[in-house]
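S.K.: Below are the sequence and a predicted model for it; my questions follow.
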Amino acid sequence: MKLVFFGSPEFALPALELLNSKHEVCLAVTQPDRPKGRGRKLEGTAVAKFCEVNAIPYINPVAVKTASFAEKLEATGADYGIVVAYGRILTDRVLNAFKNGCLNIHPSLLPRFRGPAPVNHALIEGCTESGVTIMQVGSEMDAGDIISQKKFSITAFNSAGELLDFCAISGAQMLGDVLDLEEKTGLLLPRTPQDNNLSTYAGALETQSARIDWTQRADKVCAHIRGYDPRPGAWTVYKEQRIKLFHPQVFKASGKPGEILGMSSNGLIVACKEGSVTINELQMPSKVRMTFKAASAGNSFDPGSFMEVF
C-alpha cells in the first residue's frame, strides 16, 4: 500500500520502521525542529531523524490547517494516512485526503482513556490491565471506530515508559496485520463504533500534579510514581530540595506519612498513610537519575527525618 505517515517521538518509530519495510511510505509528516540542550540547538524529531537515515521524504510544517498542506497530501494519492503520536490536530480535509482515510495506534482499550496520556493514567488509577487499539481516525479526538484491540496485563512493577515501549511495538504489529489483511482481501476490515458513554479522558501530565502525596496508601503512592516515570517524574521535597523518585515497591513497615524509616535491599524506605514504599532510584536537582545506593553516597537520608507532606 501507499502510505503517508504522521508521527514525531520515538513511540512512532516501530510502526514507521515496519511500514517502511512492507509498504511504500511516500511521505512522512512530523513536528518542526525544536531547540534542545544547553546550547538550545535546533533538533529534529525522532521520526525526522529516522527518515533522514532511511531516505524517506518528510516535511515538518508549522501550519497544518492550510489549504496548501491539505493539497500536498491529496496529491500523494496514498491509500492511508497513518497517525502515530504526531502531536497535532488534523483537519477533516487532511483526514479525508487519502483513499481510505487515516488509521491510528492508541495505547489504551478505547473508549477508556482517550487523550494524550492514556498509559500514565492507567497506572495512576491502579488498573491491572490495559491494551492497544487500532482505530479509524475521526474528527473527534480518539473517538473513531475501532478496528482491532489487544489486552495486556499491568504488573506491580511496570512504569509508564516500559508500557509505552511495549505498546509501540505491539501496536506496530497490530497495524501491520490490519494493512496486510486488507491488502490481501481487497476489503476494509469491519469498523466498530465506540460507546461514548464509557469514555474517560486521560489529560496531559503536569509537573505540579506529579508531586507525591505521602498521606495516600502505599499502593496508591507506588501507582503514582510509576505513572509519572519517566516524564515528568514524580517528585517530593526533602531538606528543601525537589527530588524525583522512581522504581517503588510496597513495603510492610509503618510510620508517619513521609517519614524516612531506613533502607532495605530495594532502597530507601518511606512511610505512607498505610504501609510504606521502597525507592530504588531517584534524581537529585541538576543530577542524572541514579540508584538510591549511588545517590546516598553524596546525600544523607536520615531515619526519622521527613519528606515534605502537603
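M.R.: That came in fine, so what should we check first?
S.K.: Quickly note the distance from V53 to S8.
M.R.: 16 Å (CB to CB, to the nearest Å). For the C-beta atoms, the positions are set from N, CA and C on the backbone; glycine is no exception.
S.K.: And the strands in the stretch 1-150 of the chain, which stretches?
M.R.: With DSSP state E, counting those that start in this stretch, the ranges of strands along the stretch 1-150 of the chain come out as 2-7, 24-29, 34-36, 41-43, 58-59, 80-84, 102-106, 129-136, 146-153.
S.K.: how much does the first one deviate in direction from strand 80-84?
M.R.: Looking back up the chat, that one is strand 2-7. 20 degrees (axes from the mean of the first three to the mean of the last three CA atoms, to 10 degrees).
S.K.: Show me how far strand 2-7 is from its chain's centre.
M.R.: Put simply, strand 2-7 sits 20 Å off its chain's centre (CA atoms, centre = their mean, to the nearest Å).
S.K.: Not counting it itself, show me its contacts.
M.R.: Strand 2-7 has contacts (CB atoms under 8 Å, 6 or more residues apart in numbering) with 12-13, 15-16, 19, 23-30, 47, 56, 73, 76-86, 88, 90, 97-98, 102.
S.K.: Could you identify the longest helix within this protein?
M.R.: helix 160-185 (DSSP state H).
S.K.: Enumerate every residue touching F11.
M.R.: V84, A85, L164, C167, A168.
S.K.: The residue nearest to the third one when sequence neighbours are not counted - how many residues pack around it?
M.R.: Leaving out its chain neighbours, the residue that sits closest to L164 by CB to CB, 6 or more residues apart in numbering is V119, at 5.3 Å. Other residues within reach of V119, judged by other CB atoms under 10 Å, total 27.
S.K.: please renumber so the chain begins at 633
M.R.: From this message on, residue numbering opens at 633, which makes the last subject V751.
S.K.: Enumerate every residue touching V751.
M.R.: Residues in contact with V751 (CB under 8 Å, 6+ apart) are P739, S740, S762, A792, L795, L796, C799.
S.K.: From the residues you listed, list the buried ones, please.
M.R.: P739, S740, S762, A792, L795, L796, C799 (16 or more other CB atoms under 10 Å).
S.K.: contacting residues around the closest residue to the first one other than its chain neighbours?
M.R.: Distance criterion CB to CB, 6+ apart; nearest residue to P739, sequence neighbours excluded, is C799 at 3.7 Å. C799 makes contact with F643, I737, P739, V751, V764 under the criterion CB under 8 Å, 6+ apart.
S.K.: returning to that earlier point: most tightly surrounded among the strands of the stretch 633-782 of the chain?
M.R.: strand 712-716 (a mean of 26; mean count of other CB atoms under 10 Å).
S.K.: how much does that strand deviate in direction from strand 761-768?
M.R.: Using the same axes, to 10 degrees: strand 712-716 against strand 761-768 is 150 degrees.
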